[in-house]
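*Asks:* Make a model of this:
(2 chains, ligands or ions: 1)
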Amino acid sequence: MTPRIVVIGSLLILAAVVLVVVALPFYTVSDAPSEIYRQRTDEELAGKQIYIANGCVYCHSQSIRTIDWGLGAERIAQSGDYIDDHPILLGSARTGPDLSQEGGEHPDDWHMAHFKNPRTTRPNSIMPPFLFLGEENIKKLTAYVQSLGMIMADKRIARQRKWKELSTAAFEAGPEVNVKWLHSHVPEPWQKIANPYPTTPGALARGHKIYQDFCMGCHGPVGDGMGPAQPDLYPPPLNFTILKDRGISGGILYYQIMNGITGTAMPYFKKELESEKIWEVGDYVAVYFINESDAGQGGGIDAAFEN
Amino acid sequence: MSENNKTALGFCLTSSFWMVVATLAGLLAATKLVAPDLMGSISWLTFGRLRPIHINLVLFGFVTPGLLSAAFYYFPRLLKTDLFSEKLGVITIVLWNIFLVFATVTLGLGQTQGREYAEMIWPVDIMVAVLFIMVFVNLTMTVANRKESLLYVSIWYVCAGIVLTAVTYALGNVIWQPDTGALKGIPDAILLWFYGHNVFGLLLTPLSLGVAYYVIPRSCKTPLYSHTLSLLGFWSLLVVYTHIGTHHLLQVPVPTWLKVISIVDSMGMVIPVMIFLINIWYTAKGKFAEIHGDIGTKFIFVGTIMYFFVSIQGSMMALPQVQRITHFNNWVVGHAHIGVLGFAGMMALGGMYYVVPHITGRPLFSRLLADLQYWLILIGVIGFTVVLTIAGLIQGNGWLNGETVYRILAEIHVYNVIRASLGVMIFFGAVIGLYNILRSIFVRSGGVQ
Ligand code: HEM
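*Replies:* A predicted model of the protein is given here:
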């Protein structure tokens, strides 16, 4: 072969390939917006630059598949979601969760604590601390993250804002009112349910482990709400000791842990903890921090494992 | 005959040095996955900045210069002429190192375009394009001045690899859009992975195959098994490898026909891969003593084995059923390391260890150290494959069954720890390599053979 054949031949092959696999899709992929599409604001775009500059894309995808369960799995990605993404930030690894529907998952104060140091709200996290960005930049970054999911995210954000106002007012009215307010939003049947499973040393040990892995950063090692995330959260994490003699039940604990308290930093744990784990961490809190547990008083036929 | 070989030596030094920096960045990144607060909250040491520094320095600091070092050595010899210009070569090397410093600093400062393998900002992109053109001019002018009428297969691979990379690099980095370096939406993803895939397919692979085609027959003292096969392998590689980049996007809303093409022809990759391997392995048949006798050849031979594994694995990974488990997790990171370190990196190191003694006319400073490096890197990369594959399977299967990312973190922690320790081995391998190369070129005395 002559050098000319090598160089020109390979360039011709490349040209043909580019025509088919790059140019053809470029001209044929629809750029019609999807039903959740909206433009981003200037602040959100500034946050996107921070997202790019700090390599969030290497750990977080923005693309939900049909086989997904986790964060954002409520909405499968469509090409119309990305029409304005310049560059597109699909990502190729999920060291952390997918963020395509992250907007409104948490209120802003949760993100402030989490970005400064993710171990505050999520004790086992391996996400880097972004304290170096400074509060101003973290606010911009948060604005971008809260826009992920576009119109769907906006709905969630509106809900977070509404309940943030109400929960703040309840917190500021003092423990008596706050506890009443918190419990008034637990559906009535749940309020009356006692924890059906008895307290055992094994269950407490498992509850302790779950508490350390999921709760300690906010509610603190002794359950007084003074975990490392506390300075950034408002209303602050609940001090469990105030629940004593205020009508707490296994059912209330279960419901609050499963569902979270939208508007506050308290996340829902429905996706992360199965039934047994929720009962056990709830009882751990009840026994050690509230000192008032109704475990094993649920009635019904005892489960086969109970002694 | 070119007497001084400054360009080949310069690329060799560049590669050995930047391998140390690149593996250090990788090691730091791996450490951060184990202990994210270890180095505090420092902007340029954050994971998201170390990672692009690591991969860009591996690709453009370690592997590419290493492979070019061998190319600048064998071009004049295969063509029976002098290199077109050693002066141009030396300028290329100086500029290349300036580019690498520039790339490291800008990425460390967070100046990035955020597209994997195309992170570097526009001025750096321009430098890369210019550098590739300079290399291309130097090598093709050498071809034009040749005294040997037949072009050997290594020459084809390098000429095509360099010119096609210059073009795909400019295209993939959307060099006509200086501010963002990107298109919008799904077409951007398609273009990005067309390019990203071709970094391996049109740069690392052809340059690596070029080295293997040159060294293996020489060390084994036998003619190449088949020139027809090398012809078929060359053209089929160009045709097939270039258009399957969409297998990185199988779970994304891109046109189905494009996915189908990429899946089917990812299977087709078996053809160019096996053609090359059959050709090389038949050439080396029965020559184990020769392969083991020369440390460069040993590196290169193990590179061919890694090429086999990474490619067969890659074809499997392009199957949607497999990708349900493997996509998005450490499995892919394992594949990437077999490919870039196990295959292309081993080829680059082998090429350098082959050419340095030939250029200096003396044996290496220390064969023992080179062997030590060989084992450190081989154990490192195989260990990576094992732990990252296990971690990837845990992640992929867990997610598919509804486990959250957060819960799986604790399950893969131990693999991240082992991975970081293997990284220490690889980093020391790089340091030993740099020391050995420096001593072999400059002050060769007292080494253990
Ligand atoms: C020749 C046959 C090959 C095939 C069919 C193939 C296929 C694939 C596929 C399907 C992926 C995407 C995995 C995913 O995201 O789920 C991938 C990723 C990758 N491959 Fe290969 N591969 C091959 C060879 C190679 C070689 C030779 C190298 C290196 C020189 C290489 C380097 C990589 C890298 C670095 C990635 C990771 C990309 C990322 O960051 O997401 N591959 N490969």
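
*Asks:* Those residues of the stretch 1-150 of chain B touching the ligand, which are they?
*Replies:* B:Glu116 (C-beta under 6 Å from any ligand atom). Using the backbone N, CA and C atoms, a C-beta is placed for each residue, glycine as well.

*Asks:* Looking from the ligand, tell me which residue of the stretch 1-150 of chain B is nearest.
*Replies:* Nearest to the ligand in the stretch 1-150 of chain B, going by C-beta to the nearest ligand atom, is B:Glu116, at a distance of 5.5 Å.

*Asks:* was I right about B:Ile186 contacting B:Leu258?
*Replies:* No: assessed by C-beta atoms under 8 Å, B:Ile186 is found out of contact with B:Leu258, at 10.2 Å.

*Asks:* who has more neighbours, these two?
*Replies:* The neighbour count for B:Ile186 versus B:Leu258, taken as other C-beta atoms under 10 Å in any protein chain shown, is higher for B:Ile186 (28 against 24).

*Asks:* Report the set of residues contacting both of B:Ile186 and B:Leu258.
*Replies:* A:Pro25 (C-beta atoms under 8 Å, 6 or more residues apart in numbering or on different chains).

*Asks:* For the stretch 101-250 of chain A, which segments are assigned as helices?
*Replies:* A:108-116, A:118-121, A:134-147, A:150-172, A:175-184, A:188-192, A:201-210, A:216-219, A:250-259 (DSSP state H, counting those that start in this stretch).

*Asks:* just checking, what packs against the last one?
*Replies:* It stands for helix A:250-259. helix A:188-192, helix A:275-284 (3 or more C-beta pairs under 8 Å, 6 or more residues apart in numbering or on different chains; DSSP states H and E).

*Asks:* helix/strand/coil for the residue of the stretch 1-150 of chain B closest to the ligand?
*Replies:* When classified by DSSP: H, G, I helix; E, B strand; the rest coil, B:Glu116 comes out as coil.

*Asks:* Near the ligand, which residues of chain A are found?
*Replies:* With C-beta under 6 Å from any ligand atom as the criterion, chain A meets the ligand at residues A:Ser92.

*Asks:* Against the ligand, how distant is the spatially most central residue of chain A?
*Replies:* Centroid-nearest residue in chain A: A:Glu105, 5.2 Å away (criterion: C-alpha atoms, centre = their mean). The gap separating A:Glu105 from the ligand is 25 Å, by C-beta to the nearest ligand atom, to the nearest Å.

*Asks:* need the contact list for that residue.
*Replies:* A:Glu105 neighbours (C-beta under 8 Å, 6+ apart): A:Leu71, A:Arg156, A:Pro267.

*Asks:* Reformat the helices of the stretch 101-250 of chain A as JSON lines; add mean pLDDT, mean neighbour count and distance to B:Val167.
*Replies:* Shown next, in JSON lines, are the helices of the stretch 101-250 of chain A (pLDDT from 0 to 100; neighbours: other C-beta atoms under 10 Å in any protein chain shown; distance: least, C-beta to C-beta, whole Å):
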{"stretch": "helix A:108-116", "mean pLDDT": "98", "mean neighbour count": "22", "distance to B:Val167": "41"}
{"stretch": "helix A:118-121", "mean pLDDT": "97", "mean neighbour count": "23", "distance to B:Val167": "42"}
{"stretch": "helix A:134-147", "mean pLDDT": "98", "mean neighbour count": "20", "distance to B:Val167": "34"}
{"stretch": "helix A:150-172", "mean pLDDT": "98", "mean neighbour count": "16", "distance to B:Val167": "36"}
{"stretch": "helix A:175-184", "mean pLDDT": "97", "mean neighbour count": "15", "distance to B:Val167": "63"}
{"stretch": "helix A:188-192", "mean pLDDT": "95", "mean neighbour count": "12", "distance to B:Val167": "64"}
{"stretch": "helix A:201-210", "mean pLDDT": "97", "mean neighbour count": "16", "distance to B:Val167": "55"}
{"stretch": "helix A:216-219", "mean pLDDT": "98", "mean neighbour count": "24", "distance to B:Val167": "51"}
{"stretch": "helix A:250-259", "mean pLDDT": "98", "mean neighbour count": "21", "distance to B:Val167": "55"}
